[in-house]
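Visitor: please find the sequence and the predicted model below.
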Amino acid sequence: MTDVLTPSAKAAHDDGAAVDVEVLGRVLLGRWAEVRLQARSLAGMPELHKVEGLGHVEHRKRVFGQMGILVEQNGVHRAFPERLGGENDHGGNVAGFEELVIADPSLQIKGGVQWGLFGSAVLHLGTAAHQDKWLPGIMSLETPGCFAMTEIGHGSDVASIATTATYDPATEEFTINTPFRAAWKEFIGNAAVDGLAAVVFAQLVTRGVNHGVHAFYVELRDPATKEFLPGVGGIDDNIKGGLNGIDNGRLHFSNVRIPRTNLLNRYGDVAVDGTYSSPIASPGRRFFTMLGTLVQGRVSLDGAAVAAAKVGLTIAVKYATERRQFNAASDTEEVVLLDYQRHQRRLLPRLATTYAAAFAHEQLLVKFDDVFSGAHDTDEDRQDLETLAAALKSLSTWHALDTLQECREACGGAGFMVENRFTSLRADLDVYATFEGDNTVLLQLVAKRLLADYSKEFRNLDFGVLARFVVGQAADLTLNKTGLRQVAQFVADSGSAQKSAKALKDEGTQHDMLADRVQTMVAAVAASLKEAAKLPKERGAEIFNEHQNELIEAARAHAELLQWEAFTEALHTIDDAGTRKVLTRLRDLFGLTLMEKHLDWYLMNGRISMQRARALSPYVNRVLAKLRPHALELVDAFGYGPEHLRATIASGIERERQDEARDYFRTLRASKDAPVDEKVLIHKAKAAARR
């Protein structure tokens, strides 16, 4: 479908920039291109599509049936061992799963619970004996299961969960208990109806010592009757704000006995006599190593959120290139929505952010595969993966929600219709911002890592070196606060808006601006918290709390920088000159809108001159105008067809309606039967009166 361009848009299109959609599409598919294409083929099957309007009971049954189709199509086994029928392909496994969001987010998440959490916990926390015993049933869906970690009273604070697993050497069994209501496992996928077993996270107690959180394989229901086994109980969470194809529920345990060998004991074991042992001496390090199973979920959510944003933008951009509204530029022709600057402002910066998030996700996926394949699996690699997943999952899930809402509004009343996907997708993705780690809590994790890395720079320095650093910081602060840096920028720009704009689009300038913001924010918080560790615990916590918001904002700035860097690295891999030119503008739009969003910080901290600040928004508008002719090509490169979009307004029907209306009025104006516009009569009367 060819986009109809205005004269100004055509002029922008003739500057040598052009998108090779096939080339760009291959870049976006990344390392696991074939896996993604196979997954999209699956996601295009009508049998896997969400049926809007189903009650939650019917929706659950449909999704469980769809899980069987995934098994039949060999779409879920890539990460499992080859000896059990898998492929040991961890990155490809996640790449395939995240594409299922375009079929039905409930299917993507329920599959993620079964194979990405429940199955992965057995795979990564258990031994070969555990894998051989339980994974075949998990892989075939013969044993639907749960990942029972979250408790009512402790959501993100996993270390403080209250469920206990106490070892009894007389019977060689653990006894699982939830001692009070707040310790019940909550929001557990597969718990309400389908789950026959669960990996339950509990405090391991043996010989009177609590060794912290460990994972246990616990049977929940009789496979024949589907009734809870003795000591196990649960409650159905029923209808939620979205994802109603998943049977979330609560689980509780009262003196449930399991064999000693049901402890998933790769990182911690209990001998027959109750002696505890672990290859990891530090309880804290052991805890975070075991929680590594959560990373796969966060990586998958990051990719799924990016995919949902791509779908939403494809629908909205296609509609905006066809829908006409108001005739401000002509007496007879209405203007295409995307020709309005404000409409470009609504969609194109979010398109740029989606590209940045997509390229950053590909880097995260490679890092994930490196760690779980064993190619690069040191403690530092795992910490880097945890930090990267926490940072990117937070930004991409928030971005997807914001993008779907803006696309909905940009499509007016049509966007509110369920048939056009926005409302349903947004409802289903709403919880992505808080599960597998609340986004705000995850960014605090990122911030603590940034502080730790910052402190390492000075751990072995003597007082003299540290003092010189502090003096340097003070000098830098003086430079910025007194406006000297602004003066230098102003002189360099020579009062020219053109020079200011040229500086802003410079790749090095953008990177320095974004990186400097991160470094300055982290340094400021680190300086404020420097003495907190030496104070009593209560006072130290109080000081930390006083700077919590600054910490989280620093982490967000860090994640934005990661996305910009990933976009830039991907940009330099594109050989086609025309495509690279368009993508450079899209990257510039991403970087410049970040600076525009944080312009108050840059001005208050003396990081930008008033001249450049004034040039920023007009230059963004010029970039938007240059990208406008390529909007359709940029969303077409995402590679989603009608079977994936499934939105009436993205089917071409709007162009047909607009063409029909335009032809009607053209014919009417040309006929003798056309009524005279009252405004014409008034104009003629006024003209006659002036004679």
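Guide: Nice, thanks for sending it over.
Visitor: does Glu186 lie in a helix or a strand, and which?
Guide: With elements taken from DSSP states H and E, the one containing Glu186 is strand 185-188.
Visitor: what's whichever helix or strand comes after that strand packed up against?
Guide: Under the assignment DSSP H and E, the closest C-terminal helix or strand after strand 185-188 is strand 197-206. Secondary-structure packing of strand 197-206 (3 or more Cβ pairs under 8 Å, 6 or more residues apart in numbering; DSSP states H and E): helix 119-125, strand 145-148, strand 164-168, strand 173-177, strand 185-188, strand 209-219, strand 249-253. All C-beta atoms are positioned from the backbone trio N, CA, C, and that covers glycine.
Visitor: who touches Gly241 in this structure?
Guide: Listed by Cβ atoms under 8 Å, 6 or more residues apart in numbering, the contact set of Gly241 reads Ala427, Asp430, Val431.
Visitor: who are the packing partners of the strand holding Glu186?
Guide: So strand 185-188, by 3+ Cβ pairs under 8 Å, 6+ apart, packs with strand 145-148, strand 197-206, strand 249-253.
Visitor: between the ones you listed, which one is nearest to Asp302?
Guide: strand 145-148 (18.1 Å; Cβ to Cβ).
Visitor: drop anything exposed from the contacts of Gly241.
Guide: Ala427, Asp430, Val431 (16 or more other Cβ atoms under 10 Å).
Visitor: so which of the residues you listed sit within helices?
Guide: Of the buried ones among the contacts of Gly241, the ones assigned to helices by DSSP state H are Ala427.
Visitor: from the buried ones among the contacts of Gly241, pick the one nearest Gly155.
Guide: Of all the buried ones among the contacts of Gly241, Gly155 sits closest to Val431, with 12.3 Å by Cβ to Cβ.
Visitor: how much space is there between the closest one and Leu291?
Guide: To Leu291, Val431 is 20 Å away according to Cβ to Cβ, to the nearest Å.
Visitor: ok, Glu333 next?
Guide: From Glu333 to Leu291 the distance is 60 Å (Cβ to Cβ).
Visitor: do Lys133 as well
Guide: Applying Cβ to Cβ to Lys133 and Leu291 gives a distance of 23 Å.
Visitor: ok, now Pro46?
Guide: From Pro46 to Leu291 the distance is 38 Å (Cβ to Cβ).
Visitor: out of the two, which sits in the more crowded spot?
Guide: Shown here are Pro46 and Leu291; by other Cβ atoms under 10 Å, Leu291 has more neighbours (18 against 9).
Visitor: sorry, back to before: can you redo the helices and strands packed on strand 197-206 as CSV with mean neighbour count?
Guide: Putting these into CSV (neighbours: other Cβ atoms under 10 Å) gives the following:
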stretch, mean neighbour count
helix 119-125, 25
strand 145-148, 30
strand 164-168, 20
strand 173-177, 22
strand 185-188, 23
strand 209-219, 21
strand 249-253, 24
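Visitor: is it possible to get a markdown table of these that adds mean pLDDT and distance to Asp659?
Guide: Formatted as a markdown table, the helices and strands packed on strand 197-206 follow (pLDDT from 0 to 100; distance: least, Cβ to Cβ, whole Å):
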| stretch | mean pLDDT | distance to Asp659 |
| --- | --- | --- |
| helix 119-125 | 96 | 52 |
| strand 145-148 | 97 | 52 |
| strand 164-168 | 98 | 68 |
| strand 173-177 | 98 | 66 |
| strand 185-188 | 96 | 49 |
| strand 209-219 | 97 | 61 |
| strand 249-253 | 98 | 52 |
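Visitor: which one of those lies nearest to Ala391?
Guide: Between Ala391 and those, the shortest separation by Cβ to Cβ is 21.3 Å, and it involves helix 119-125.
Visitor: immediately after that closest one, which helix or strand?
Guide: helix 128-140.
Visitor: so for that following helix, mean pLDDT?
Guide: Averaged over helix 128-140, pLDDT sits at 98.
Visitor: for that helix, packing partners?
Guide: helix 119-125.
Visitor: first-to-last residue distance for stretch 587-606?
Guide: Stretch 587-606 has an end-to-end distance of 24 Å (Cα to Cα, to the nearest Å).
Visitor: now that stretch: buried residues?
Guide: Result for stretch 587-606 [16+ other Cβ under 10 Å]: buried residues 587-596, 598-599, 601-602, 605-606.
Visitor: then stretch 405-425?
Guide: Buried residues in stretch 405-425 (16+ other Cβ under 10 Å): 406-408, 410-411, 414-415, 420-425.
Visitor: and what of stretch 445-452?
Guide: Leu445, Val446, Ala447, Arg449, Leu450, Leu451.
Visitor: could I get those as a markdown table with distance to Ala554 and pLDDT?
Guide: Converted to a markdown table, the buried residues of stretch 445-452 look like this (distance: Cβ to Cβ, whole Å; pLDDT from 0 to 100):
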| residue | distance to Ala554 | pLDDT |
| --- | --- | --- |
| Leu445 | 12 | 91 |
| Val446 | 9 | 93 |
| Ala447 | 6 | 93 |
| Arg449 | 11 | 90 |
| Leu450 | 6 | 90 |
| Leu451 | 9 | 88 |
